[in-house]
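> Provided below for reference: sequence and predicted model.
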Amino acid sequence: MPRSTRLNVSAGLLLFRRSNGGLELFIAHPGGPFWKDRDAGAWTIPKGIVESGEDLLDAARREFEEETSIHPLGPFIPLGSIRQKAGKTIHAWAFEGDADATAVVSNTMRTEWPRGSGRWIEFPEVDRCAWFDPATARAKMNPAQAELIDRLEAALSASPDATPSPDS
């Protein structure tokens, strides 16, 4: 029996690091033929659908690991939720760390392509990840998700050395 999901609710994580050059953000480019040649506005935080009854932060951690093969460790900074143009609500948290963007391995998904053709293809849900400064990340991300960067910057400037609780 398929797992029950909340189709219009997703949860995800925004990995960040601080370097001499300032803040850097780790974001993902969706895989598959629809996204292949898209760049500006196509990138996203690693995120996915929340299963019915699943804790939002647990879903965000699971989805991040499935899409990047990186095990996320807190503490997590709550970034609240945003609503994308198509109506999907995304709940997000940030966490500080480092990762080799070239070593990302994503889970795969299967879809009919082209739609209605009867031909099914399988591809990585995320085809690549990369580190970007905040301005570049805002330009590359889904416009609604750019607000998450603003919220992270506000949280870090309000308390740059504070460590949030592990399960925030």
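Everything's here; your move.
> Checking the nearest residue to Pro143 once chain neighbours are set aside next. Helix, strand or coil?
Distances taken as C-beta to C-beta, 6 or more residues apart in numbering put Gly41 closest to Pro143, at 6.2 Å, once the chain neighbours are dropped. Where you see a C-beta, it was placed from the backbone N, CA and C, and this is true even at glycine. Classification of Gly41 by DSSP: H, G, I helix; E, B strand; the rest coil places it in coil.
> What of Ala59?
helix.
> Can you read off the pLDDT for it?
Turning to Ala59, the model gives it a pLDDT of 98.
> Same question for Pro164.
pLDDT for Pro164: 47.
> rewinding a little: quick one: contacts for the residue nearest to Pro143?
Taking C-beta atoms under 8 Å, 6 or more residues apart in numbering, we find Gly41 in contact with Lys140, Met141, Asn142, Pro143.
> And for Ala144?
By C-beta under 8 Å, 6+ apart, the residues touching Ala144 are Ile82, Arg83, Gln84, Lys85, Ile90.
> let's go with 7 Å and repeat that
Ile82, Arg83, Gln84, Lys85 (C-beta atoms under 7 Å, 6 or more residues apart in numbering).
> Same check on Ala94?
Leu13, Leu14, Phe16, Ile77, Leu79, Leu152 are the contacts of Ala94 under C-beta under 7 Å, 6+ apart.
> of these, closest to Thr102?
Looking at the contacts of Ala94 and their distance to Thr102, the nearest is Phe16, at 18.2 Å (C-beta to C-beta).
> Done for today, thanks.
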